[in-house]
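Asks: Curious how this folds, go ahead:
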Amino acid sequence: MIEHCCDAMNRQVDWRCEVHADVFECPDALVRFVPKFQEYGLIVHDGGTAKIGIDYCPWCGARLPASQRDRWFDELEARGIDPWEDEVPPEFEDGRWLRGDLGTVTER
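Replies: From the prediction side, this is the model:
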């Protein structure tokens, strides 16, 4: 479990609805955290899967970590992996790649 900036953010990121399996369908789900990119966003409840990126916690005001989206793509490219065409290693689908927990990632 990832610890976020405050208890309120932890509750929001870990929100699980008993009625809606998809957070984008639940009107009580407010925040989406994408571990592989280390990105936080407010969910746009318009029937899609959009989120608006945020840089500060709406509850405690803490500065949130910078997005690692560009770095994620750079790391895959350096390994010869095209995320649109190739299978992405599991350690790149969560936050392990950020911590250096890459195990035996093979280059293509």
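
Asks: Specify the local secondary structure of the nearest residue to L42 once chain neighbours are set aside.
Replies: Spatial nearest neighbour of L42, excluding adjacent residues (CB to CB, 6 or more residues apart in numbering): I52 at 4.8 Å. Heads up, the C-betas are built off the backbone N, CA and C, glycines and all. I52 falls in the strand class when you classify it by DSSP: H, G, I helix; E, B strand; the rest coil.

Asks: what about I52, how many residues close to it?
Replies: Neighbour count for I52, taken as other CB atoms under 10 Å: 10.

Asks: what's the answer for R16, then?
Replies: For R16, the neighbour count with other CB under 10 Å is 9.

Asks: That one and V23: what is the separation?
Replies: 9 Å (CB to CB, to the nearest Å).

Asks: got it, and R11?
Replies: 13 Å.

Asks: Could I get the buried residue list for the helix or strand of the chain with the lowest mean pLDDT?
Replies: Here the helix or strand of the chain ranked lowest by mean pLDDT, DSSP states H and E is helix 96-99, holding a mean of 89. Applying a neighbour-count criterion of 16 or more other CB atoms under 10 Å, one finds 96-98 buried in helix 96-99.
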